[in-house]
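> fold the following, please.
(2 chains)
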Amino acid sequence: MKKLKFSWSNAYLFLIFALLYTPIIYLIYYSFNQAGTMNEFTGFTTEHYGALANDTRLIRIALDTFRVALLSSLIATIIGTLGAIGIFFVKQRKTQVSLLGLNNVLLVSPDVIIGASFLLLFTMAGFRLGFYSVLFSHIAFSIPIVVLMVLPKLQEMNLNMITAAKDLGANNWQVLKSVIIPSITPGILAGYFMAFTYSIDDFAVTFFVTGNGFATLSVEIYSRARQGISLEINALSTILFILALGLVSGYYFIQQQQRNRKRKLTNIDPTNHQKAVSP
Amino acid sequence: MTSKQNRVLFFPYFIWIGLFVLIPIGLLVYQSFIGIDGAFTFDNILTYFTSATYLIMTLQSFIYAFIITLITFCISYPTAYFLTQTKRKDLWMLLLILPTWINVLLKAYAFIGLLSQDGSINGFFDWIGIGRQQLLFTNASFLLVATYIEIPFMLLPIYNAIEEIDSTLLHASRDLGASSWDTFKTVVFPLSLSGVRSGIQVVFIPSLSLFMLTRLIGGNRVVTLGTAIEQHFLVTQNWGMGSTIGIVLILLMIIIMLLTSGRKKEARKQ
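Numbers count the residues shown, from 1 in each chain, chains lettered A, B, ... in the order given. Next comes the predicted model:
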């Protein structure tokens, strides 16, 4: 073992690290506070977790959030993957570039614009705001993320395999099923994960299209936070933090598997919706 | 692949582009020409460009976004640089961007607790003798929390850009007698500018449109373009004006992207 040498750069890194984690640790720490505030720690308790477990409204909202996330990311993954394959096989370079441009519109638009324009869309179409408007919006903003994750895998794919498969008599469907899809599976999984977490964390877009009867966790946390401190939210954030850890580990597990091919995928999501992905 | 099969696979994706990319933008443009009474009018645009309130709001929003981007950059660049020097940088990087995976509302909520009148920071101020201050619902608290949230997004592209620098260039620079500061100034920094540009892009544009933080942390003192849009759409129901501001935001976004895209295309891998 090498001894850790003190250096200013390490001290600086550590400071930034501490700053980034302080609010999170703070939330988790006070979720066990007996006093019911985030000011003074008077004693250890798990009563806020108990309150959380008995809060049927919050549990229903949490389940709704997961329902939206699971469904929207699944549908977005299907449409996005097919879209990515389609874009990849477009012959004309110009068409391909403009398709990618259109694909990225929702990625670079600020959340507020996406939310407002979807609200316009649903209202003009006479669509009732609620579960389905939220679901469709989430599908819509997840599709370009999936495309972005799948396209690099298509570009890495060995095109000779398709030619070989065709020479051996495979029809288009078989080529898709047994050559293309298997070679881009890591990208599809990564896309699904990203879409899922985007959906879970989205606030701004959901806030616009959610209407009155339906809420997701983000919207609910927002309205509760406006009313002040409630340690139930702290308890909830502990649980969500553990969940996020799990998701990140899952995501990195997938990335690690892909790492075999020395390619170093470093991706930033241009939307800055919520999260970033590192190598 | 025959184009026939391609077309079938493509179909849902095209529906998506039409329904959720093209039509919404069209609707936003259309709506900006509709007055509050529902009739076609140029009033929204005229009002926007002649009213001092709107112009000052836009300018303020711009200044806030600029300050947020600047502070974020000043904190993130050294972090990214030092990170590339450390062993196990992947692990460090993972740890530093993990907070972005936590719901942004929960982080804002944490700051409500930290900054409140009886919160921990005020407790600390009290202890060192400054006394309790009004921290929450000030411009400074808005800047603080916005910066906190944006740091990882600035950090990542800069880190990637520095990582991609060919290490032989650094050796060459040292061999030719440059000090480490010279090397940094003439080799590392210019080569990392592509990362800085994308960092600015991903921080500046969202900073213009933050609307949840202005309410929770800024206490409605700070009005960004995002807040204005949200207010017009969801509170005053003046969708025409909201759309007009939305169009302004989109135009600003395009300008920033053009300014930061640079000539070098190879900065973006694939």
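> shouldn't residue B:27 be in contact with residue A:116?
No: between residue B:27 and residue A:116 no contact is recorded; they are 9.5 Å apart, counting by CB atoms under 8 Å. The C-beta positions use only the backbone N, C-alpha and C, and glycine is treated the same way.
> the two: which is more packed in?
The neighbour comparison of residue B:27 against residue A:116 (other CB atoms under 10 Å in any protein chain shown) goes to residue A:116, with 31 against 21.
> what pLDDT does the more buried one get?
Per-residue pLDDT puts residue A:116 at 94.
> for the closest residue to residue A:119 other than its chain neighbours, what are its contacts?
Among residues not flanking residue A:119 along the chain, residue A:208 sits closest, at 4.6 Å (CB to CB, 6 or more residues apart in numbering or on different chains). Contacts here follow CB atoms under 8 Å, 6 or more residues apart in numbering or on different chains; on that basis residue A:208 touches A:112, A:115-116, A:118-119, B:230, B:233-234.
> which ones among the residues you listed map onto helices?
Members of the contacts of residue A:208 lying in helices (criterion: DSSP state H): A:112, A:115-116, A:118-119, B:230.
> out of those residues, which comes closest to residue B:192?
Of all these, residue A:112 has the smallest distance to residue B:192: 30.6 Å, by CB to CB.
> state the number of residues packed around that closest one.
Counted with other CB under 10 Å, the neighbours of residue A:112 add up to 30.
> so how far is residue B:16 from it?
Per CB to CB, to the nearest Å, residue A:112 is found 21 Å from residue B:16.
> please enumerate the helices of chain A.
Secondary structure of chain A, counting by DSSP H: helices at A:8-30, A:47-54, A:56-88, A:93-108, A:111-124, A:131-156, A:159-167, A:172-175, A:181-201, A:204-209, A:217-227, A:231-258.
> and residue 95, what pLDDT?
Went with chain A since none was named. pLDDT at residue A:95 comes out at 88.
> actually chain B
What the model reports for residue B:95 is a pLDDT of 83.
> ok, now residue B:51?
Looking at residue B:51, its pLDDT reads 89.
> roughly how far apart are it and chain A?
Distance from residue B:51 to chain A, counting by CB to the nearest CB, to the nearest Å: 20 Å.
> neighbours of that residue, how many?
Considering only other CB under 10 Å, residue B:51 is surrounded by 11 other residues.
> what do you get for residue A:173?
9.
> ok, now how distant is it from residue A:179?
11 Å.
> now swap in residue A:22 and tell me
Distance of residue A:22 to residue A:179, computed by CB to CB: 50 Å.
> looking at the two, which is more packed in?
More crowded of residue A:22 and residue A:179, by other CB under 10 Å: residue A:179, with 20 against 15.
> these two touch, right, that one and residue A:163?
No: at 10.0 Å, residue A:179 and residue A:163 do not qualify as touching, with contact defined as CB under 8 Å.
> for the chain, give me the ranges with low pLDDT.
You didn't say which chain, so I picked chain A. Within chain A, the set of residues satisfying pLDDT under 70 comprises A:1-5, A:258-279.
> actually, chain B is the one I wanted.
Applying pLDDT under 70 to chain B flags the ranges B:1-6, B:262-270.
> pull the longest helix from it.
Longest helix in chain B by number of residues, with DSSP H as the criterion: helix B:52-85.
> check the gap between the spatially most central residue of chain B and chain A for me.
Taking CA atoms, centre = their mean as the criterion, residue B:203 is the residue nearest the geometric centre of chain B, at 2.5 Å. Shown here: residue B:203 relative to chain A, a distance of 7 Å by CB to the nearest CB.
> same question, residue B:72
Residue B:72 is 11 Å from chain A, where distance means CB to the nearest CB.
> ok, now which ones touch residue 196?
Just so you know, I chose chain A. Contacts of residue A:196 (CB under 8 Å, 6+ apart): A:69-70, A:73, A:247.
> actually it's chain B I care about, not the one you picked
So residue B:196 contacts B:73, B:77, B:157-158, B:161 (CB under 8 Å, 6+ apart).
> the same query, at a cut-off of 10 Å, please.
Neighbouring residues of residue B:196 by CB atoms under 10 Å, 6 or more residues apart in numbering or on different chains: B:73, B:76-77, B:80, B:154, B:157-158, B:161-162, B:189, B:260, B:262.
> likewise for residue A:138?
Going by CB under 10 Å, 6+ apart, residue A:138 touches A:68-69, A:71-73, A:75-76, A:195-196, A:198-200, A:202, A:205-206, A:209, A:216.
> from chain B, how far out is residue A:92?
Going from residue A:92 to chain B by CB to the nearest CB gives 11 Å.
> ok, that residue - contacts?
Counting by CB under 10 Å, 6+ apart, residue A:92 makes contact with residue A:98.
> where does it fall, phi/psi-wise?
Torsion angles at residue A:92 (phi, psi; degrees, to the nearest 10) stand at phi -70, psi 130.
> count the residues that sit near residue 132.
By default, I'm working from chain A. Residue A:132: 14 surrounding residues under other CB under 10 Å.
> hmm, I had chain B in mind actually
13.
> for it, phi and psi?
Note on residue B:132: backbone dihedrals following degrees, to the nearest 10 are phi -70, psi 140.
> residue of the stretch 151-270 of chain B nearest chain A, please.
The stretch 151-270 of chain B approaches chain A most closely through residue B:209 (3.7 Å), counting by CB to the nearest CB.
> so what's in contact with residue B:27 and residue A:116 at the same time?
Both residue B:27 and residue A:116 are in contact with B:239, B:243, where contact means CB under 10 Å, 6+ apart.
> contacting residues for residue 119?
The chain I'm using is chain A. A:129, A:133, A:137, A:205, A:207-211, B:24, B:27, B:233-234, B:239, B:242.
> hmm, I had chain B in mind actually
Counted by CB under 10 Å, 6+ apart, residue B:119 has contacts A:26, A:37-39, A:229, B:111-113, B:125, B:132, B:135-136.
> now do 6 Å
By CB atoms under 6 Å, 6 or more residues apart in numbering or on different chains, the residues touching residue B:119 are residue B:113.
> next: residue B:8.
Listed by CB under 6 Å, 6+ apart, the contact set of residue B:8 is empty.
> how far out from the middle of the chain is the helix or strand it falls within?
Assigned by DSSP states H and E, residue B:8 belongs to helix B:3-16. For helix B:3-16, the separation from the chain centroid amounts to 34 Å (computed by CA atoms, centre = their mean, to the nearest Å).
> tell me the first helix or strand C-terminal of that helix.
Sequence-wise, the next helix or strand downstream of helix B:3-16 (DSSP H and E) is helix B:23-31.
> the helix or strand following that next one - contacts with which helices or strands?
Remark: after helix B:23-31, the chain's next helix or strand is helix B:43-50, criterion DSSP H and E. Judged by 3 or more CB pairs under 6 Å, 6 or more residues apart in numbering or on different chains; DSSP states H and E, the packing partners of helix B:43-50 are helix B:239-261.
> in the helix it packs on, what's buried?
When neighbours are counted by 16 or more other CB atoms under 10 Å in any protein chain shown, the buried residues of helix B:239-261 are found to be B:239-250, B:252-253, B:256, B:260.
> same question for stretch B:169-177.
Within stretch B:169-177, the residues that count as buried by 16+ other CB under 10 Å are B:170, B:173.
> one more: stretch A:227-241?
Neighbour counts over stretch A:227-241 (16+ other CB under 10 Å) mark A:229-238, A:240-241 as buried.
> filtering the residues you listed by proximity to chain B, which remain?
Checking the buried residues of stretch A:227-241 against chain B by CB under 6 Å from any CB of the partner chain, the ones in range are A:229, A:233, A:237, A:241.
> now do the contacts for residue A:151.
Residues counted as contacts of residue A:151 (CB under 6 Å, 6+ apart) are residue A:84.
> repeat that for 10 Å
Per CB under 10 Å, 6+ apart, neighbours of residue A:151: A:80-81, A:83-85, A:87-88, A:100, A:103, A:184, A:187, A:191, B:270.
> next one: residue A:13
Listed by CB under 10 Å, 6+ apart, the contact partners of residue A:13 are A:7, B:78-79, B:82-83, B:85-86, B:92, B:95-96.
> please consider this matter closed, and thank you.
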